[in-house]
Structure formats: structure tokens, C-alpha cells
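# got a structure for you, letters missing:
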């Protein structure tokens, strides 16, 4: 079994789910008391989140590279960036380490293609929804078109993630509002919706949407287990 490297803390709420799911999947496939071999370095989201709001991605990259190097030195055979938004820096991080990054977009694209879909909605932080590092990779590498909500809904989802879900706050009214946004994406032609933030599964489950939902955290964790047990 290979060792999975986890760059966590983005937020710790989702990092807990990564660790739990990966170990559950390994136990299910190996049986008995088996668990994943893993290394996690967890950063302080309270330091990083303000830097995202001021656009200081160079400073975030420095933090991520230090953490990734520590993970590699600890014996990991691959690296998972345990957040969608930080994949904005995946290429820069990858240049500084010698182990492969298992990219969350590629794993998600494979799941979408297995479902036979080519047009999906995309939810996440405003960076994930509005910049090209996620939607562009889906389109250019995998031929998948992604639709995003209108601006007021994008702003609301971003604040929901940063102000509530990142702190473990889950409100029924927020779930209802998110489902209404998904309904709007489905009406525009989305045949599925990507939960493109690893905190969104705290609010809505895969079987609760108007169309199939793609939980990037669960998909990413599964890709890591496939790698480790290959």
C-alpha cells in the first residue's frame, strides 16, 4: 500500500471527512482492521482565508509549498490538496515537489464522464466558480461544460462557505436556498451539479439534489484510495 499525503486544514471540518472516508474505503476494500497509510500536514485556515480575500496568492503558495515539502519528506507517495480552491495553486505547488498531485478536477471529471454527462453546474467559492482553474480544466482536458449561478447567488454561496460552513455552522434555511440555486442550474441545462467546495457536503448530501450531485471530497478521497491500493 502506498502512503497518501494530505494537505489539510482548509478547513479542518473537511479534513476530518477526508481522513474518515479514506480509511473507511481502505477498510471496506482490504477488510479486517486495515486502514490507510497516510501523512497529514494541517495548515491554519485562519491565516490563509484573509489572504484569499486580499488576493495575496503568492503568500498562500509559500505556505502550501512548505506544507507539501513536509508531507513529501514524511514519506508520502502522492499529495492531496484537501480543498478545491487551493487547486488554483496546484501547478505551482507541483513544480516544487517530486510526488504527484492527485488533482480534484481530474477525479471529478472522470466521475462525471462515468455518469455519461457533459454539462454540469458548478458550486464553490467565488474563486472556484469565477476563475478558470476549475472550469477551464474541466473544459479543456475533459470536454465538460460547467454552468455557474448568477452573481448574487455566487456571492451568497461564497459567504455561506467562508462564514458558516468553514466554522461548522449548518442551517436548514441555507440548505433550502442552495437547493433552489441547484434547481435554477438544472433549468438552464445542467444535468448534474458539482459540489465544488469540500465543505458543501456538510450541508447537502449527494442524493438530495434535483439532478445528480458530485461530491468532490468523496470523489477525491476515492481517487487517493485507488492510487494507494493500485
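Cool, the structure landed. These numbers come from a predicted model, not from an experiment.
# could you pull out the helices for this protein?
Counting by DSSP state H, one finds helices in the chain at the ranges 12-30, 45-53, 57-73, 90-94, 104-114, 126-130, 132-142, 151-159, 172-187, 216-229.
# how far off centre is the first one?
Looking back up the chat, that one is helix 12-30. 14 Å (C-alpha atoms, centre = their mean, to the nearest Å).
# what's the spacing between the spatially most distant residue from the centre of the chain and residue 26?
Distance from the C-alpha centroid of the chain peaks at residue 32, with 29.0 Å (C-alpha atoms, centre = their mean). Residue 32 sits 11 Å away from residue 26, going by C-beta to C-beta, to the nearest Å. (Each C-beta comes from the backbone N, C-alpha and C, glycine too.)
# and residue 141, by the same measure?
28 Å.
# neighbour count for those two, which is higher?
Neighbour count, other C-beta atoms under 10 Å: between residue 141 and residue 26, residue 26 has more, with 21 against 12.
# so that one touches residue 34, yeah?
Yes: contact criterion C-beta atoms under 8 Å: residue 26 and residue 34 qualify, at 5.6 Å.
# quick one: low-confidence ranges for the protein?
Nowhere does the chain drop to pLDDT under 70.
# residue nearest the centroid of it?
Closest-to-mean residue, the chain, C-alpha atoms, centre = their mean: residue 84 / 3.6 Å.
# sorry, back to before: of the helices of the chain, give the one that comes closest to residue 80.
Nearest to residue 80 among these is helix 216-229 (5.4 Å), distances taken as C-beta to C-beta.
# need the residues that contact the closest one.
Here helix 216-229 makes contact (C-beta atoms under 8 Å, 6 or more residues apart in numbering) with 1-4, 14, 17-18, 21-22, 25-26, 29-30, 36-37, 77-78, 80, 82, 84, 102, 104, 106-108, 110-111, 194-198, 201, 206.
# cool, stretch 47-67 as well?
Outside stretch 47-67, the residues within contact range by C-beta under 8 Å, 6+ apart are 7, 10, 41, 43, 81, 85-86, 88-89, 92-93, 96-97, 125, 127, 162, 166.
# make it 7 Å
With C-beta atoms under 7 Å, 6 or more residues apart in numbering as the test, stretch 47-67 has contacts from 7, 10, 41, 43, 86, 88, 89, 92, 93, 96, 127, 162.
# quick check: residue 24 vs residue 170, distance?
For residue 24 relative to residue 170 (C-beta to C-beta), the value is 21 Å.
# next one: stretch 116-128 to chain centre, how far?
How far stretch 116-128 lies from its chain's middle: 12 Å, per C-alpha atoms, centre = their mean.
# from what I can see residue 81 touches residue 7, true?
Yes: using C-beta atoms under 7 Å, residue 81 is in contact with residue 7, at 5.2 Å.
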